[in-house]
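Chemist: After the sequence you'll find the predicted model.
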2 protein chains.
Amino acid sequence: MPRGPYQKSDVTREKILGAATELFAQRGYAGTGVDRLAERSGIAKTAIYYHFGNKEGLLAAVLDRAATAWMESIRESADRATTPEDALDTALSRMRSMIEEKPWILKLLTLLTLEVADDKPEVRKAMSEIFLRARRTITGSLNEAVGAEVPGADGVGNVFLGLLQAVVIGRERDPSISLDAAFADMRQIIVSLVAARLDPGLAQEDRSEGVESVVAADIPPRTS
Amino acid sequence: MPRGPYQKSDVTREKILGAATELFAQRGYAGTGVDRLAERSGIAKTAIYYHFGNKEGLLAAVLDRAATAWMESIRESADRATTPEDALDTALSRMRSMIEEKPWILKLLTLLTLEVADDKPEVRKAMSEIFLRARRTITGSLNEAVGAEVPGADGVGNVFLGLLQAVVIGRERDPSISLDAAFADMRQIIVSLVAARLDPGLAQEDRSEGVESVVAADIPPRTS
DNA sequence: GTCTATACGGCGATAGAC
DNA sequence: GTCTATCGCCGTATAGAC
């Protein structure tokens, strides 16, 4: 995408963005100085300002790039799955690859959410949109796999994304955490949630008592 | 706990710790300047160094305090639950209260994990221990509630804690997220996981095919 | 148009006198 | 415990080299 009669050196831009993505994901936004970015990318500090205006502009570009990378990772290959379970397994293995090969994507998005979403409404908005897009992709795959509109599919998507996030964070604490176990649990969880939504009251065999009991009691519903 | 011939003013310490906890949770460790901490707590900047040595010492104290607060929040009241489901509902409502009243605990722990666990092995170690303690409490309650050792109870604990974390992060992006829905899902998930672990092969009604298939394939198990 | 050299104001952490 | 001073890094602006 040329921006003028000449175009800014995209290779320089990429070098800066690569370094920024790496360092933001590792040490956070506030914890990463532009000096370090210059050193790491081999680009002069002031050139960074030339390309992105200021540090926040760089942040926006990094976010955008991470979002794109994520969407590419989870883009449905719309494959010839034979059964719903097949489709689920394919989706899970795709997510697993993402976590193994590009854990920085989710780490970056989560870290930035916690670190700067309070101050910068634009960043929060960007985050919301990114996660909504991701969830939409997931629920789309889900509905397609099941062959019907799963009621409350958004909730399933939230759980899925939440667990992915949790795995990434957990591995930050303890890199030896077993992905096998985590993904086996995720699979079971999704199946159980979907089953319950498609056929409420039947999926759970031991729902002997009042179910929403304590949990859903005496708290006003949210606005949205 | 006196520390010398004179004792350091505990009220001052508390004021500093309160401000630090609040600001670290809001803007992260690197993003919080000692100047701001001084301003917020009403204590001179250098007095902070007097009390905690350096910023990292302050971080350690904040972590310790947050861990204690968390454990208090989830401490089993060892109540007279009549059924396992009862016990689960009690535990869930306790967690829900924690998220509603002290969301900063989980936010702080998560943010610090992502932000500084890479650089500071001591912090990572502290985080691991905190989460292990929390999980131990949870699995303890779980086993007690069920009245037997649930196989793979640790996995259930991981899922539970992970979902709690995900809810906190999600609310950071979008405060209007429904806790009702989230906790209803969590309840169902836990029940299904426990049921599957107590009676494998029976809990899932539609496990028609090879189950661990794609997900658990061709990846070496972890060390720990 | 793309990038570098240099400089500046501010805040970060810390030491020492009071 | 506070006050004052110090020093280095951080984000930024600008002037100019290619």
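Modeler: Happy to help now that I have it.

Chemist: Leaving out the residues flanking it, which one is nearest to the residue of chain A found nearest DNA strand C?
Modeler: Residue nearest to DNA strand C within chain A (Cβ to the nearest atom of the strand): residue A:44, separated by 2.7 Å. (Each C-beta comes from the backbone N, C-alpha and C, glycine too.) Spatially, and ignoring its direct neighbours in sequence, residue A:44 is nearest to residue A:38 (6.0 Å; Cβ to Cβ, 6 or more residues apart in numbering or on different chains).

Chemist: Who are the contact partners of the one you found?
Modeler: A:44-45, A:47-48 (Cβ atoms under 8 Å, 6 or more residues apart in numbering or on different chains).

Chemist: could you dump the helix or strand hosting it to PDB, C-alpha only?
Modeler: Using DSSP states H and E, residue A:38 sits within helix A:34-41. C-alpha atoms of helix A:34-41 as PDB (Å, rounded to 0.1, in the frame of the first residue of the first chain):
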ATOM      1  CA  VAL A  34      12.200   3.100  22.400                       C
ATOM      2  CA  ASP A  35      15.900   3.000  23.000                       C
ATOM      3  CA  ARG A  36      15.800  -0.700  23.400                       C
ATOM      4  CA  LEU A  37      13.600  -1.000  20.300                       C
ATOM      5  CA  ALA A  38      16.100   0.900  18.300                       C
ATOM      6  CA  GLU A  39      18.900  -1.300  19.500                       C
ATOM      7  CA  ARG A  40      17.000  -4.500  18.900                       C
ATOM      8  CA  SER A  41      15.800  -3.600  15.500                       C
END
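
Chemist: Kindly report the residues of chain A close to DNA strand D.
Modeler: Contact residues (Cβ under 7 Å from any atom of the strand) of chain A with DNA strand D: A:30, A:32-36, A:45-46, A:49, A:54-56.

Chemist: Phi and psi next, for the residue in chain A that DNA strand D sits nearest to.
Modeler: Closest residue of chain A to DNA strand D, Cβ to the nearest atom of the strand: residue A:33 (3.0 Å). Main-chain dihedrals, residue A:33, degrees, to the nearest 10: phi -90, psi 150.

Chemist: For it, report the pLDDT, please.
Modeler: On the pLDDT scale, residue A:33 is placed at 91.

Chemist: and it, how many neighbours?
Modeler: 14 (other Cβ atoms under 10 Å in any protein chain shown).

Chemist: show me the contacts for it.
Modeler: So residue A:33 contacts nothing (Cβ under 8 Å, 6+ apart).

Chemist: same question, residue A:114
Modeler: Residue A:114 touches B:28, B:107, B:110-111, B:114, B:169, B:172, counting by Cβ under 8 Å, 6+ apart.

Chemist: Over to residue A:65?
Modeler: A:17, A:21 are the contacts of residue A:65 under Cβ under 8 Å, 6+ apart.

Chemist: model confidence over the helix or strand harbouring it, on average?
Modeler: Residue A:65 is part of helix A:55-74 when elements are defined by DSSP H and E. Mean pLDDT, helix A:55-74: 94.

Chemist: Kindly report the same for stretch A:138-150.
Modeler: Per-residue scores along stretch A:138-150 average to 89.

Chemist: backbone phi and psi for residue A:181, please?
Modeler: Residue torsions, per degrees, to the nearest 10, at residue A:181 are phi -60, psi -40.

Chemist: dump the residue contacts of the spatially most central residue of chain A.
Modeler: Among the residues of chain A, the one closest to the centroid is residue A:106, at 4.9 Å (Cα atoms, centre = their mean). Residues in contact with residue A:106, defined by Cβ under 8 Å, 6+ apart, are A:70, A:98-99, A:164-165, A:168.

Chemist: what about 7 Å?
Modeler: A:164-165, A:168 (Cβ atoms under 7 Å, 6 or more residues apart in numbering or on different chains).

Chemist: check which helix or strand covers residue A:135.
Modeler: helix A:121-146.

Chemist: Sorry, slip of the keys, the one I care about is residue A:166.
Modeler: Judged by DSSP H and E, residue A:166 forms part of helix A:153-173.

Chemist: I'd like to know which elements that helix is packed against.
Modeler: helix A:84-101, helix A:103-116, helix A:121-146, helix A:179-198, helix B:103-116, helix B:121-146, helix B:153-173, helix B:179-198 (3 or more Cβ pairs under 7 Å, 6 or more residues apart in numbering or on different chains; DSSP states H and E).

Chemist: Run the angle between the first one and helix A:55-74 for me.
Modeler: Same thing as helix A:84-101. Using axes from the mean of the first three to the mean of the last three Cα atoms, to 10 degrees, the inter-axis angle of helix A:84-101 relative to helix A:55-74 is 140 degrees.

Chemist: buried ones in helix A:84-101?
Modeler: For helix A:84-101, the neighbour count (16 or more other Cβ atoms under 10 Å in any protein chain shown) marks A:84-96, A:98-99 as buried.

Chemist: Also near chain B: which of those residues, exactly?
Modeler: A:85, A:89-90, A:92-93 (Cβ under 7 Å from any Cβ of the partner chain).

Chemist: Would you mind giving the domain segments of chain A?
Modeler: According to automatic domain parsing, chain A comprises the domains A:8-53, A:63-198.

Chemist: if we can go back for a sec, so which of the contacts of residue A:106 comes closest to residue B:121?
Modeler: When those are compared for distance to residue B:121 (Cβ to Cβ), residue A:168 wins out at 19.2 Å.

Chemist: So the closest one is in contact with residue A:102, correct?
Modeler: No - using Cβ atoms under 7 Å, residue A:168 is not in contact with residue A:102; the gap is 10.3 Å.

Chemist: Show me which of these two is the more surrounded one.
Modeler: Using other Cβ under 10 Å as the criterion, residue A:168 and residue A:102 rank with residue A:168 on top: 21 against 16.
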